[in-house]
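Undergrad: Predicted model and sequence below, questions to follow.
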Amino acid sequence: MQITSKFEFTNIKCSSLDTHFTAFEYCYIKSINRTYKYVSIKANLFETPVTKVNFAMYKRVNGYLPFLYNITVDSCRFLKNTTSQPIAKFFYELIKSNSNINHSCPYNHDVMIEKLSAGSINHQILNVLPVPEGRYLIQTHWYAYDILRASIGFYGTIS
């Protein structure tokens, strides 16, 4: 007998806090059938570069409370050497194969995550870092010149 868990997207929220810096062309979850959903995001960058990224993980217990990680990394330095920050690398590995965030700086183009499925996240969240059942939020904050420019929240459940 083997016990398995499953991650499923429940919501996504993208917000541009500086419309002169970035705007989201699209940000949605698409449900193909009962078991297959994916996330797609396209952020139009009007100014570059994004200098810092913050990753935080929250678990819902009478509201979303901090869970495990809340780190901020210098994005360009991290992309030059992804092994320098193991926790940031964990979050980066979640989206790397489905995005155009797979090269070092400078970023002088739009940032996209295309068809990121829960199945691709299952391995990372449930096998690499076993996480207990519950409702979770992975919140990302994107900074340029130490000013918060955009925020993306990935909501999901592990059952």
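TA: Sure, I can see it.

Undergrad: And the lowest-mean-pLDDT helix or strand in the chain, what's buried?
TA: In the chain, no helix or strand scores lower on mean pLDDT, DSSP states H and E than helix 118-122, which sits at a mean of 80. Neighbour counts using 16 or more other C-beta atoms under 10 Å place 118, 120, 121, 122 of helix 118-122 among the buried residues. To be clear about C-beta, it is placed using only N, CA and C from the backbone, and glycine gets the same treatment.

Undergrad: Surely the second one and residue 97 touch.
TA: Yes: contact status for residue 120 versus residue 97: in contact at 6.9 Å, counting by C-beta atoms under 8 Å.

Undergrad: and which of the buried residues of helix 118-122 is nearest residue 72?
TA: Set against residue 72, the nearest of those by C-beta to C-beta is residue 121 (21.8 Å).

Undergrad: what residues are up against the closest one?
TA: 7, 94, 156 (C-beta atoms under 8 Å, 6 or more residues apart in numbering).

Undergrad: Let's see that with 6 Å instead.
TA: 7, 94 (C-beta atoms under 6 Å, 6 or more residues apart in numbering).
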